[in-house]
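Colleague: Show me the folded form of this:
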Amino acid sequence: MQLPSLVKSILAAGATVAFLAAPAAADELKPVYLDAVIAEGAAPLSDVSFTVERVHGGVVEEMRGGAAELQLPEGRYRVRAAFGQTSVERDIIVDETNTRHTINLNAGEVQLNMIRGIGQAPIKDPVQWDVMTFGRDASGNRHLLHQVTASTAQLTLPGGWYYIEATHGGETVKHSIEVTPGAAFKYFVMKQ
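Modeller: Next up is the predicted model:
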């Protein structure tokens, strides 16, 4: 190996030189296994999007499907897992002992339907479903999180409370819903 003349001069003077580590060789890569669950104790999900990036760098990998397996050099990474309307970011460490990582989305599933009256079948026409923050900001406003136009809206949302506005035929019905992690609920709003 040829050393640049400056390095030769420093070595000749008896100085201690620290060399920057070269990028990890293929044999230094660690297997990393990723999966995501909707809530603690649930089975891994089969249709999750993962984005993996270095904490102080760019995107390393993007993938979609169930569990993901990739090879990474040791270090700190940020993993983004997305499923339905839920997205979670988590920092992970990859080293000899940390190769399997499960991302808990802490989410639940809701189905939203509109009915004309008690005991009636859900409306089959499209309904505009606006899912908003339950709480209001300093100006007294709620913020739109998701908008779906369908007779029935199927959503996977982080656990918590939400404010719903359902619009059909020029009429809007307002309702509050709770999403419980790991649970699936059906909500029916009644058109007046």
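Colleague: what does the domain assignment say about this protein?
Modeller: 24-104, 107-190 (automatic domain parsing).
Colleague: what's the least confident stretch among the ones you listed?
Modeller: Taking the average pLDDT of each of the domains of the chain, the minimum falls on domain 24-104, with a mean of 88.
Colleague: how far is it from where the chain is centred?
Modeller: 11 Å (C-alpha atoms, centre = their mean, to the nearest Å).
Colleague: how about the strands of the protein, start to end?
Modeller: For the chain, the strands defined by DSSP state E occupy 30-37, 48-54, 59-65, 68-72, 75-83, 86-94, 100-104, 107-115, 127-133, 144-150, 153-158, 160-168, 171-179, 184-190.
Colleague: Go through those and pick out the most buried.
Modeller: strand 107-115 (a mean of 21; mean count of other C-beta atoms under 10 Å). No exception for glycine: its C-beta is placed from N, CA and C like everyone else's.
Colleague: what does it rub up against?
Modeller: 38-39, 83-84, 86, 121-123, 127, 129, 151-159, 164, 166, 168, 173, 177, 179-191 (C-beta atoms under 8 Å, 6 or more residues apart in numbering).
Colleague: what are the C-alpha coordinates of stretch 160-173, in CSV please?
Modeller: Output in CSV follows, covering the C-alpha atoms of stretch 160-173 (Å, rounded to 0.1, in the frame of the first residue of the first chain):
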residue,chain,number,x,y,z
GLY,A,160,-57.0,7.8,20.8
TRP,A,161,-60.0,10.0,20.3
TYR,A,162,-61.1,11.5,16.9
TYR,A,163,-63.8,13.8,15.7
ILE,A,164,-65.7,12.6,12.6
GLU,A,165,-67.8,14.6,10.1
ALA,A,166,-69.8,12.5,7.6
THR,A,167,-71.3,14.3,4.7
HIS,A,168,-74.0,12.7,2.5
GLY,A,169,-76.6,14.5,0.3
GLY,A,170,-75.6,17.9,1.5
GLU,A,171,-76.1,17.0,5.2
THR,A,172,-73.2,16.6,7.7
VAL,A,173,-73.4,14.4,10.8
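Colleague: contacting residues around T149?
Modeller: Contacts of T149 (C-beta under 8 Å, 6+ apart): 126-129.
Colleague: Any chance of JSON lines for those residues, columns distance to K30?
Modeller: Shown next, in JSON lines, are the contacts of T149 (distance: C-beta to C-beta, whole Å):
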{"residue": "P126", "distance to K30": "49"}
{"residue": "V127", "distance to K30": "49"}
{"residue": "Q128", "distance to K30": "48"}
{"residue": "W129", "distance to K30": "44"}
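Colleague: and which of those is nearest to L45?
Modeller: W129 (22.8 Å; C-beta to C-beta).
Colleague: If the residue most central in space within the chain is in a bridge, with which residues?
Modeller: Centroid-nearest residue in the chain, with C-alpha atoms, centre = their mean: S87, separated by 2.2 Å. Beta bridges link S87 to A82 when assigned by DSSP bridges.
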